[in-house]
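> Need the 3D shape of this:
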Amino acid sequence: MNKVSIRFFDDREVRAVWDDGNAKWWFSVLDIVAVLADQDDYAKTRNYWKYLKAKLKKENSELVSATTQLKLLANDGKQYLTDMLDHSGIIELGKQFPGKKANRFIEWFTFSDESIDGKSKTKAYALFESREIFMKGIDYSYYYKEN
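As a prediction, the model looks like this:
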């Protein structure tokens, strides 16, 4: 069973897939690049990611080797293999983009992902008395689907 989560940052989708084997969420790199580059055009977003990936490879960045490919549903209704990163990879990717928007995104992402994961005791947990109440709130905050 695959769990899919769609979170929204500035009204833009950030898709995620739950990996039962590793017990973590994987996030769409193209969604993150589109958010951080403020790009609506899929082809331009994909080309920017190809350019950035090649640049990072030349620099021997571990970010590229941390990328995995998982199938995500596209706008045409088909599933395609898409580059995905885990929590720490997305934080590193965000650091590749200068500016306040990237900083705001990293802060939002860190808070939302650690809150959902339940692995880290973040400031989110101070707001909730129990994980059950917290998870009910998450269900209403994000689009979430199990296949």
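> Per-residue pLDDT of residue 38, please?
At residue 38, the model reports a pLDDT of 88.
> Apologies, that question was intended for residue 143.
For residue 143, the pLDDT comes out at 52.
> tell me the SS of residue 80?
strand (DSSP: H, G, I helix; E, B strand; the rest coil).
> quick one, what contacts it?
Listed by CB atoms under 8 Å, 6 or more residues apart in numbering, the contact set of residue 80 reads 71, 72, 74. Glycine gets a C-beta too; all of them are placed from N, C-alpha and C.
> Is it correct that residue 96 is in contact with residue 51?
No: counting by CB atoms under 8 Å, residue 51 is not a contact partner of residue 96; they are 11.3 Å apart.
> Have a look at these two and say which one is more surrounded.
Just comparing residue 96 and residue 51: by other CB atoms under 10 Å the higher neighbour count belongs to residue 96, 14 against 10.
> how about the contacts of residue 80 in TSV, adding pLDDT and secondary structure?
Listed next are the contacts of residue 80 as TSV, based on pLDDT from 0 to 100; DSSP: H, G, I helix; E, B strand; the rest coil:
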residue	pLDDT	secondary structure
71	89	strand
72	88	strand
74	83	coil
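> Can you tell me which of these is nearest residue 10?
If you rank these by distance to residue 10 using CB to CB, residue 72 comes first, at 20.1 Å.
> From residue 110, how far off is the closest residue to the closest one other than its chain neighbours?
Leaving out its chain neighbours, the residue that sits closest to residue 72 by CB to CB, 6 or more residues apart in numbering is residue 82, at 4.6 Å. To residue 110, residue 82 is 22 Å away according to CB to CB, to the nearest Å.
> And residue 75, by the same measure?
Residue 75 is 28 Å from residue 110, by CB to CB.
> Have a look at those two and say which one is more surrounded.
Using other CB under 10 Å, the more surrounded residue of residue 75 and residue 110 is residue 110, with 16 against 6.
> That's all I had, so thanks and see you.
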